[in-house]
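[1] What shape does this take:
(2 chains)
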Amino acid sequence: MNDTLKNHATLAEKFNRDIPRVDWHDKTLWFVREKRDKAANQIPDWEKLRETASQIKNNVLSNLHDYLVEFENNAQQNGITVHWASTPKEHNEIVHRIIQQHGVEHIVKSKSMLTEECGLNEYLEHQGIEVVDTDLGERIVQLAGEPPSHIVLPCIHWKKEEIGELFHQHLGTPKGNADPQFLTSAARAHLREHFLHSKVAITGVNFAVAETGEFVVCTNEGNADLGVQLADVHIACMGIEKIIPQRKHLGIFLRLLARSATGQPITTYSSHFQKPRAGQEMHIVLVDNGRSERLGSEDFRNALKCIRCGACFNTCPVYRRSGGHSYHTAVAGPIGSILAPALDMEKNADLPFASTLCGSCTNVCPVKIDIHDQLYKWRQVLVKNGHVTRGKKFSMMSMRFLLSHSSLYNFSGTLGRWVMRNLPSLVNNKFNPWYKQREMPQAPAQSFRSWYLKNKQHGK
Amino acid sequence: MNIGLFIPCYVDQFYPHVAIATLQLLEKSGLKVSYPLQQTCCGQPMANSGFEHLTNPCSTNFIENFSTFDYIVCPSGSCTLHIKDHLHDEKHPVEAASIRKKVYELTEFLTDVIQLKKIKARFPHKVGLHQSCHGQRGLKLSQMSELVAPAFSKPESLLQMVNGLELVTLDRKDECCGFGGTFCVNEEAVSVKMGKDRVADHIRQGVDYITGGDMSCLMHLDGILRRQKSSVKTIHIAEILNAG
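    Residues are numbered from 1 along each chain as shown, chains lettered A, B, ... in the order given. The predicted model follows:
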C-alpha cells in the first residue's frame, strides 16, 4: 500500500482541527436527515416503496442488456442520437466532438455526477472550452476551484459568509453582503448571461425509461430546463445503470428520490425529455466505466441500484464529521466508499475503512443497497489484494497467533494488565492514538476467567 | 437448559465485573450456566479489518468451546453479531451453522427466550441508553430511527422494569458512538468527535449513567468522560439488571 496516497483519516483529522465547523457541518446535515425522516414517516407504506424500488432495480440489473437495447431503439426512433462510451475518456471525447461540430467554446452544464466521475469539466477546459456549471451549489464550488463535497448538496461545506466573499471576488457583489436572497439573485443574473449565450447544454440523467426512450432530469432550480431550452444542442450523459423499465415506475422512484435526498415530496422540476424540439439536436451518452464488470460481481452488483439521492451521506456520522473532500473521490460518503474501490482499488483502499459499519446508510437507502455489508466485503477484497500496510498486516497476524492459543491469550492478558497497572507510561503515551483524547480502561488485577476458576469451578 | 457463557475477550480482561453480573443475572433466573475455559476471541477485530481469512483458528476454537450448549449467551451485541454472521468452519460446518442459530445477545435472550417479565433490581439513577449499532441495527434489538416501523426496544423494556431507574430521551437516540473496532485508532479524530458528541447528548439530558449492551462502545465513551473529568459514569446493562 502506497502511503503517499490521499487518505481519509488524514484529511478527516485536518477537517477536525476546526471543531465549531465540524459541529456546524454535522448539524446542517443532520437537519437534512431529520427532514428526510419526517417526509418518510408521512408515507405509511414507505418500507414497501423502498422494497418495490429495490426489486425494480434488481430486475433492471438482471436484464440490463435488453433494457439498454430497448432504450436505444426507442430513443433513436424519437430522434435522439445515442452514443456509447466504455471509459471516461471515450465519454469526454464524444462530448467534445459534438461541441466541436458546432464550433462552440462556451457551454452550460447542469448537475451530473457522471460528468464529475469522468472529469469532463477538466477535460473540456483543457480543450479550450469553458464549462459553466449552472446548479447554484456547483457553480459556487466551481468558482472556488473545488470539486463538490456532496452529490446533492455540492457546496454544503460552505458558509453563507464565505459564499458572499467568493461572489465578491468573482461576481463583484458588495463586500460583506452574505444575504442568501441577494447572493442567489446575483448568481441568477450571472448565470442568465451564460444561459443566453450557450448553444450547447449538458445535463445529467436521473432516470431513462426503456419503454419510451425518454429520460427524466430532476432539479430544484430549473437550471437544466433553462439550459436545454435555450440551446441548440442538448447532450445528456448517463451511467448505464440509470435505466428503468417503464414510465409507470417513475411513480415509485420520484416519490423516493426527493424525500430521501432533502425531505421534499418531489423535486421542483422533474422534466421529461423524449425527443428534440424542431431544429434542436439531442444526444445521449451512455457510459459504462466499470459498471458492466461490477454487474458480474455478486457481492457488489447491487451498488448499481443507486439513484444518487445522498441520504446515506446525510445519515453517516462519519461523513457529517469528516466532510466530503476527505473522501477524495467524485462520489463521497458511504456509497462513494463502495463505488470508488471498484474504479481504482489502490487509490481508494482507505475508503471502506472510513466507516464504523454502523449500518445507518443501509437503512436510509431508498433502493436498499446493503452498503455497510459491502464496506465489510470490500475490506476483505482490499486486504487480499495487498492494499494494506505492513504494520497492520503484522498486527493482525500476531493477533491471530495470540488468539489461537488460549493459554497464550491468558498469559498475555495477565502480562498486559500488569503493565497497565504498574508501568502505565508504556501504554499512556503519545504513540497510542487511543490515549490522545481518551483515558485507557483501568486494568483489573484478575480476569473474569481467574475469578471464575476461584469462585465457580471448585464447588463454588 | 444448558447455557454457555460467551464472554468477549476484552470483557474477560478489562471488565470482569460485567461478566460476573451477566453470570449472576442468568443464574438468578434459574438457569444452568457454564463458562467454557478455553474461549478466547470471536475473531471480529481481524474480520472487520479485512482479515476474515485469518479468523479460522478463532472459529475452530469457538466451536470446540461452545457446540455442546443449548444456547450461547453473550453480553455484547457486536460479538454476538459477528458469530451469527461470520462463524464458518470448513471442518465443522454443521456445528458452525447450529451455533449461528443458538447464539444470543443477553437482552434478546432475556426478552425472547426466557421472556423475563419481572426483574428484582433497583437502580435509583437517571440513565441514558446508548444503542450500540451492531446490537440495534445488526441484531435488531430495538427499532431503528431510519425505518418507518413501529417502535420497540428490548434493552429499554428491561430497563423499564428496574425499580427507581429513570430513563432519559436522547436528542439522537441511535447515533453511532464512533468506536467501530480498529476505527477508534485508525480514524482517531472522527472517532473521538463522534464519542464526544454522544457523551454531550447524554450530559444534556442530565444523566448519572450511560448504559448499553456493549462494553466496547462504553469503554470508548468512558475514556472520553474520564479525560473530561466528568461525573457521569458508564455501566453495562447487565450490571443494572443485576443491581440491588
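
[2] near chain B, which residues of the stretch 1-150 of chain A?
    Among all residues of the stretch 1-150 of chain A, those adjacent to chain B (criterion: CB under 8 Å from any CB of the partner chain) are A:8-9, A:12-13, A:15-16, A:19, A:22, A:26, A:30, A:37, A:40-41, A:43-44, A:46-47. Backbone N, C-alpha and C define where each C-beta goes, glycine included.

[3] Now list the buried members of those residues.
    Among the residues of the stretch 1-150 of chain A next to chain B, those classed as buried by 16 or more other CB atoms under 10 Å in any protein chain shown are A:His8, A:Ala9, A:Ala12, A:Glu13, A:Phe15, A:Asn16, A:Val22, A:Asp26, A:Trp30, A:Asp37, A:Ala40, A:Trp46.

[4] These: which two are farthest apart?
    Of all pairs drawn from those, the one with the longest distance (CB to CB) is A:Glu13 and A:Trp46, at 37.1 Å.

[5] one step back: take the residues of the stretch 1-150 of chain A next to chain B and keep only those in helices.
    Cross-referencing the residues of the stretch 1-150 of chain A next to chain B against helices under DSSP state H gives A:8-9, A:12-13, A:15, A:19, A:22, A:26, A:30, A:37, A:40-41, A:46-47.

[6] Would you format those residues as TSV with pLDDT included?
    Written out in TSV, the entries for these read as follows (pLDDT from 0 to 100):
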residue	pLDDT
A:His8	97
A:Ala9	97
A:Ala12	98
A:Glu13	97
A:Phe15	98
A:Ile19	98
A:Val22	98
A:Asp26	98
A:Trp30	98
A:Asp37	98
A:Ala40	98
A:Asn41	98
A:Trp46	98
A:Glu47	98
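
[7] returning to what we had before: which one of the buried ones among the residues of the stretch 1-150 of chain A next to chain B sits closest to B:Met144?
    Within the set of these, A:Asp37 lies nearest B:Met144; the separation is 11.0 Å, counting by CB to CB.

[8] I'd say that closest one and B:Arg172 touch.
    No - in this structure, A:Asp37 is not within contact of B:Arg172 by CB atoms under 8 Å, at 11.3 Å.

[9] Now do the strands in the stretch 1-150 of chain A.
    Ranges of strands within the stretch 1-150 of chain A are A:81-85, A:106-109, A:130-133, based on DSSP state E, counting those that start in this stretch.

[10] Now do the residue positioned nearest the centre of chain B against B:Leu141, distance only.
    By CA atoms, centre = their mean, the mean C-alpha position of chain B lies nearest to B:Ser76, the distance being 2.5 Å. Shown here: B:Ser76 relative to B:Leu141, a distance of 12 Å by CB to CB, to the nearest Å.

[11] Need the residues touching each of the two.
    The contact sets of B:Ser76 and B:Leu141 overlap at B:Glu105, B:Gly135, B:Gly213 (CB atoms under 8 Å, 6 or more residues apart in numbering or on different chains).

[12] Quick check: of those residues, which has the highest neighbour count?
    Most neighbours among the shared contacts of B:Ser76 and B:Leu141, by other CB atoms under 10 Å in any protein chain shown: B:Gly213, with 32 neighbours.

[13] what about stretch A:115-129, start to end distance?
    This stretch, stretch A:115-129, spans 15 Å end to end (CA to CA, to the nearest Å).

[14] Now do that stretch: everything it contacts.
    Counting by CB under 8 Å, 6+ apart, the neighbours of stretch A:115-129 from elsewhere in the structure are A:88, A:91-92, A:95-96, A:99, A:104-107, A:109, A:131, A:133, A:142, A:147-148, A:202, A:204, A:237, A:239, A:287, A:289, A:330-331, A:343.

[15] swap the cut-off to 7 Å and go again
    Stretch A:115-129 is touched from outside by A:88, A:91-92, A:95-96, A:99, A:105, A:107, A:109, A:131, A:147-148, A:202, A:237, A:287, A:289, A:330-331, with contacts defined as CB atoms under 7 Å, 6 or more residues apart in numbering or on different chains.

[16] Make a ChimeraX selection of the buried ones in those residues.
    Buried members of the contacts of stretch A:115-129, identified by 16+ other CB under 10 Å, are gathered into one ChimeraX selection as follows:
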select /A:88,91,92,95,96,99,107,109,131,147,148,202,237,287,289,330,331
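
[17] Narrow the contacts of stretch A:115-129 to those in helices?
    When these are checked against helices (DSSP H), the matches are A:Pro88, A:His91, A:Asn92, A:Val95, A:His96, A:Ile99.

[18] From what I see, the last one and A:Ile107 are in contact.
    Yes - using CB atoms under 7 Å, A:Ile99 is in contact with A:Ile107, at 6.2 Å.

[19] how about whichever residue of the stretch 251-400 of chain A sits closest to chain B, secondary structure?
    Closest approach of the stretch 251-400 of chain A to chain B (CB to the nearest CB) occurs at A:Thr356, with a separation of 3.0 Å. When the structure is reduced to helix, strand and coil (DSSP: H, G, I helix; E, B strand; the rest coil), A:Thr356 reads as coil.

[20] Run a quick neighbour tally on the residue found closest to it once you drop the neighbours it is linked to in the chain.
    Leaving aside its chain neighbours, A:Thr356 sits nearest to B:Gly180 (3.0 Å; criterion: CB to CB, 6 or more residues apart in numbering or on different chains). Summarising burial for B:Gly180: neighbours were counted as other CB under 10 Å, giving 29.
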